[in-house]
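Chemist: Give the three-dimensional model of this entry:
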Amino acid sequence: MHVNFSPRKIRFFSTFLVSIVTMTVVLLLTNCIMNRSLENAEKQYIKTCEGVLEGYSNAIYYYLENYHTSLSSMYNRELFLTNDIKEIHNWIKKTVPFSHKDLCVTYYVTKEGMAYFSNGLIHDISGTSYYEYAKQNKIEYLVSDIYKSKYTNELVIIIALPVYQGNNFEGMLCAGIVLDVFQKITEEIKIGNNSSAYLIDKSGKFIASSNKSMIGKKFKPSDKDYKNISSDFIALSEKGYVETVSSTGEKINLFLKKIPVCGWTLTVGFTKAELNKIYKQQHIVRISVIIVSLVAILILLFLEMKISESFYKRQLISFSYDSLTKLWTRQKFEYEAKKLLKRYPDSVFMFIETDIRGFKFINQNYGSQVADNLISSFSTQINTLAMERHGLIGRGYADRFYMLFRVKNVRSAMSDFNNKIYDLMERCKNHDIPFFPKFGITFIKPKNHKYWSIKELVSQAGFAKNTIKNNMLSPYAVYNTRMVKNAREINFIESSMEKALANEEFFVVYQPKISLADDKVVGAEALVRWKNPDKGIIGPNQFIEVFEKNNFIQKLDFYVYDKVFNFIDRQLKAGKKIVPISVNMSRNHNKPEKFVQEFTKIFNKYDIPSSLVQVEIIERSVMDKYALQAITVLLHDNGFSVAMDDFGTGESSLSMLTKVPVDVLKFDREFLLSSTKENGDMDEDSANFISILINLSKVLKKETIFEGVETESQRDFLKSIKCDQVQGFFYSKPLSEEDFVEFLKNH
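Modeler: Have a look, this model is predicted:
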């Protein structure tokens, strides 16, 4: 049978057939594209989650390292090896106020298992797992699993520093940390919008959990399909990604990472709904492709690609870009920075960490909205700086930012940075709420550092930045090994100072003051020195500034006063010669009445006349001129004379003299150093200026004394302009007590 088809029908069937084929191709292509896109998105999703988890696990590790460092500052191996438990117990009580605030209890455990707590309690802890482990295994540092404290009756984590004599266990210094500390840390861990963080010890018990009822317990899923994915199983795993159910029965994807040192496992769980969103998008696109007409096939294909691309980006946006500043997150920054450093191993790179001084204060007092506006403004400023130099920039926690630049060399990079930094500081100062950033800088040439890492650069720049946290005059610091050495020296000084004072390691030396009229000794200045049993003599230039910053200098001052008064008293009772001794009042004293009360209390212990004591005050102290006036009057009322030390180095020395009625003006050695030529002669202009100062002092009826006299020409010059007294190496260096007594006999 012959069938005739009209052109219309032919076009219809032709169009229909082409449409079916085209739709089939479109659907196949759509399937292929969607599956590929979903696969990539899921892989990137997993990779990003694992990367973020790595960062958080390192953060918990650093928390433990901080506790380790705090406990180490209390560690006294020589004392612990004596097994004198009374002395050890006293040491624990004395040093515990300086320990980390998170350490809820500190104690020492003997080799027999008796624990001596800082509050005086004593408990037998023999048989506990961490005690037995330290006793049987020679280790440097121990972090326990969950343990119920006999001291607080709370669930705690114990950190310990064992003491060994050879291979024999002698005891250990321990501290407890309540689980709530780690609960607060894990509550800060957020990846996406629907995540829960868990921290599990080596035995499978929860240290921290979003379900607080699980803390201190183990978990085994009731669902038979997941019963093997228990907390015991997770505790044995190093890292990875598993599917399981939560304690509420909800299916989750669980990412896990073992934390170094302690052996704990940090996990973050996401509901299955997070990944199901991906598949919902796929169904929507497929239905849309079927419904849309054949004419829109190409448009649909284009839209499909855009939707896939958009969907892929949506999976990464919360991890790659900071929502407030639109800069890269720290994770994204580290990823890109690592690639850049590997790409150019022969280049020099400049890494910068910056934050805002007092940002926490601004946030608390002005509110989060104002703080956010300030962060946005600052990020704009430093982003401009980064873009001008084709650098990378990212935001870390709160007000912290990171930058990486490829530079020609260190010198040119620092020159360029100096040219830009003060313009930036000026703009920050003129903000609605003035603020002041600080910068830590480190340099690296990748090929010269075999095992470099971005975290190491962050650590170095952060260390440099922290060295200037109290120095408003310097906006930046550059990391170097000398900086680390200085930090260790400061740490040694601060950890040893109380013990040194108790053991009388500080001693007094006396530098004679000579009358220029007859070259006789008419006084001396008492100066403090430190003899450490391990390091020997530690110079005042190494410890005085440290003591001024931590205020220990006040204790040291009163210690020196007592030693000086005792020396004068012994000389008088022995019928030996003595001259007035001047003692220094450090710049930290800021309450006149309290200082004079303590000073006279020590003075009245001895039977000596006040005429033999002079107090040297410093104009550049924390007190204003009215407080200095008050302290001078109080000292005069008690019969003591007062000298103004380092006169002429402050900003208002002359105006001070109208308010502070001192008896003696003591000129700083810098006057002579800057006025003496290389051949030893005095510079004429400087000499005239010094002569004017001496004449002015005479008009004001003040005695005058110059420090730092080292040459005969300096002595002769000061004598010619009628300066009253001098002290310096030309006559004598600072002398021990015995040598000073002998010097008095001869002069």
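Chemist: Which strand residues bridge V478?
Modeler: Legend: beta-bridge partners of V478 under DSSP bridges are I441.
Chemist: tell me, how many neighbours does it end up with?
Modeler: 18 (other Cβ atoms under 10 Å). For every residue, glycine as well, the C-beta is placed using N, CA and C.
Chemist: Touching, it and K465? I think so.
Modeler: No: between V478 and K465 there is no contact under Cβ atoms under 8 Å: 10.2 Å.
Chemist: Enumerate every residue touching I177.
Modeler: Y67, D102, L103, C104, V156, I157, I158, I159 (Cβ atoms under 8 Å, 6 or more residues apart in numbering).
Chemist: Out of those, which two sit at the greatest distance?
Modeler: D102 and I158 (13.0 Å; Cβ to Cβ).
Chemist: Look at the two and report which has more neighbours.
Modeler: Per other Cβ under 10 Å, whichever of D102 and I158 has more neighbours is I158, with 25 against 17.
Chemist: Got phi/psi on that one?
Modeler: Torsion angles at I158 (phi, psi; degrees, to the nearest 10) stand at phi -100, psi 130.
Chemist: and the contacts of I177, which of them are in strands?
Modeler: V156, I157, I158, I159 (DSSP state E).
Chemist: my read: the last one touches N66, true?
Modeler: In other words, I159. No: taking contacts as Cβ under 8 Å, I159 lies outside contact range of N66: 10.5 Å.
Chemist: So which of these two has more stuff around it?
Modeler: The neighbour count for I159 versus N66, taken as other Cβ under 10 Å, is higher for I159 (23 against 12).
Chemist: Is that one bridged to anything, and to what?
Modeler: When bridges are called by DSSP bridges, I159 pairs up with V143, A175.
Chemist: who touches it in this structure?
Modeler: Applying Cβ under 8 Å, 6+ apart to I159 gives the contacts L64, Y67, H68, L71, Y141, L142, V143, S144, C174, A175, I177.
Chemist: if we go to 7 Å?
Modeler: The contact partners of I159, taken as Cβ atoms under 7 Å, 6 or more residues apart in numbering, are Y67, H68, L71, L142, V143, A175, I177.
Chemist: Name the nearest of those relative to V662.
Modeler: L71 (48.3 Å).
Chemist: End to end on stretch 344-362, go ahead and measure it.
Modeler: By Cα to Cα, to the nearest Å, the extent of stretch 344-362 from end to end equals 40 Å.
Chemist: I would like the residues contacting that stretch, please.
Modeler: Residues from elsewhere that reach stretch 344-362, judged by Cβ under 7 Å, 6+ apart: 341, 371, 374, 378, 382, 398-407, 409-410, 413, 433, 435-447, 457-458, 461-462, 465.
Chemist: Could I get the buried residue list for it?
Modeler: Of the residues in stretch 344-362, V348, F349, M350, F351, I352, E353, T354, D355, I356, R357, F359, I362 count as buried by neighbour count, 16 or more other Cβ atoms under 10 Å.
Chemist: Could you measure from the last one over to P434?
Modeler: Read that as I362. 10 Å (Cβ to Cβ, to the nearest Å).
Chemist: what's the answer for the first one, then?
Modeler: Computed as Cβ to Cβ, the V348 to P434 distance reads 34 Å.
Chemist: And for M214?
Modeler: From M214 to P434 the distance is 48 Å (Cβ to Cβ).
Chemist: If you count surrounding residues, which of the two has more?
Modeler: M214 (18 against 8).
Chemist: Was I right to think that one contacts F206?
Modeler: Yes: between M214 and F206 there is a contact under Cβ atoms under 7 Å: 4.7 Å.
Chemist: average model confidence for stretch 660-679?
Modeler: Stretch 660-679 carries an average pLDDT of 81.
Chemist: and the helix or strand hosting I207, what's its mean pLDDT?
Modeler: Assigned by DSSP states H and E, I207 belongs to strand 206-208. When pLDDT is averaged over strand 206-208, the result is 90.
Chemist: For it, name the packing helices and strands.
Modeler: Secondary-structure packing of strand 206-208 (3 or more Cβ pairs under 7 Å, 6 or more residues apart in numbering; DSSP states H and E): helix 179-187, strand 195-200.
Chemist: Now do F729, the pLDDT please.
Modeler: Reported pLDDT for F729: 93.
Chemist: actually N480, not the one I typed
Modeler: 82.
Chemist: just the helices in the stretch 351-500 of the chain please.
Modeler: 359-366, 368-388, 410-429, 454-466, 481-502 (DSSP state H, counting those that start in this stretch).
Chemist: will you turn those helices into CSV that also has distance to R36?
Modeler: Shown next, in CSV, are those (distance: least, Cβ to Cβ, whole Å):
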stretch, distance to R36
helix 359-366, 44
helix 368-388, 34
helix 410-429, 44
helix 454-466, 31
helix 481-502, 50
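Chemist: for those, which one ends up most surrounded?
Modeler: helix 454-466 (a mean of 19; mean count of other Cβ atoms under 10 Å).
Chemist: Residues contacting it, please?
Modeler: So helix 454-466 is contacted by 58, 334, 337-338, 351-353, 402, 438-442, 444, 477-479, 483 (Cβ under 7 Å, 6+ apart).
Chemist: ok, now stretch 384-400?
Modeler: Contact partners of stretch 384-400, identified using Cβ under 7 Å, 6+ apart, comprise 322, 325, 327-330, 332-333, 336-337, 340, 353, 355-356, 359, 375, 379, 382-383, 401-405, 420, 424.
Chemist: what about the closest residue to E238 other than its chain neighbours, how many neighbours?
Modeler: Nearest residue to E238, sequence neighbours excluded (Cβ to Cβ, 6 or more residues apart in numbering): K258, at 4.8 Å. Using other Cβ under 10 Å, K258 has 18 other residues around it.
Chemist: mind checking how far K258 is from V546?
Modeler: As judged by Cβ to Cβ, K258 and V546 stand 40 Å apart.
Chemist: now S582
Modeler: Taken as Cβ to Cβ, the spacing of S582 relative to V546 amounts to 24 Å.
Chemist: likewise K220?
Modeler: Distance, K220 to V546, by Cβ to Cβ: 55 Å.
Chemist: Who has more neighbours out of those two?
Modeler: Neighbour comparison, K220 and V546: the larger count goes to V546, with 17 against 13 (by other Cβ under 10 Å).
Chemist: mind checking the backbone torsions on that one?
Modeler: phi -60, psi -40.
Chemist: what pLDDT does it get?
Modeler: As predicted, V546 sits at a pLDDT of 86.
Chemist: same deal with A574?
Modeler: Looking at A574, its pLDDT reads 93.
Chemist: go on, L294?
Modeler: Per-residue pLDDT puts L294 at 56.
Chemist: likewise L635?
Modeler: On pLDDT, L635 comes in at 95.
Chemist: Scan the helices and strands of this structure for the one with the lowest mean pLDDT.
Modeler: Within the chain, no helix or strand scores below helix 297-320, which has a mean of 57 by mean pLDDT, DSSP states H and E.
Chemist: same for the next helix or strand after that one, what does it pack against?
Modeler: Downstream of helix 297-320, the next assigned helix or strand under DSSP H and E is strand 328-329. Under the contact definition 3+ Cβ pairs under 7 Å, 6+ apart, strand 328-329 sits against helix 297-320, strand 392-395.
Chemist: Can you show me the strands along the stretch 151-300 of the chain?
Modeler: Using DSSP state E, counting those that start in this stretch, the strands found in the stretch 151-300 of the chain span residues 155-165, 168-178, 195-200, 206-208, 239-245, 251-258, 265-271.
Chemist: what sits against Q571?
Modeler: Neighbour list for Q571: I578 [criterion: Cβ under 7 Å, 6+ apart].
Chemist: Note down every partner strand of the helix or strand harbouring T704 and its orientation.
Modeler: Applying DSSP H and E as the criterion places T704 in strand 703-706. Strand pairing for strand 703-706, using DSSP bridges, gives strand 664-667 (parallel), strand 725-726 (parallel).
Chemist: Nearest the geometric middle of this structure, what residue?
Modeler: The centroid of the chain falls nearest to N466 when counting by Cα atoms, centre = their mean (5.1 Å).
Chemist: ok, now how distant is that one from D355?
Modeler: 10 Å.
Chemist: Nice, that's everything, thank you.
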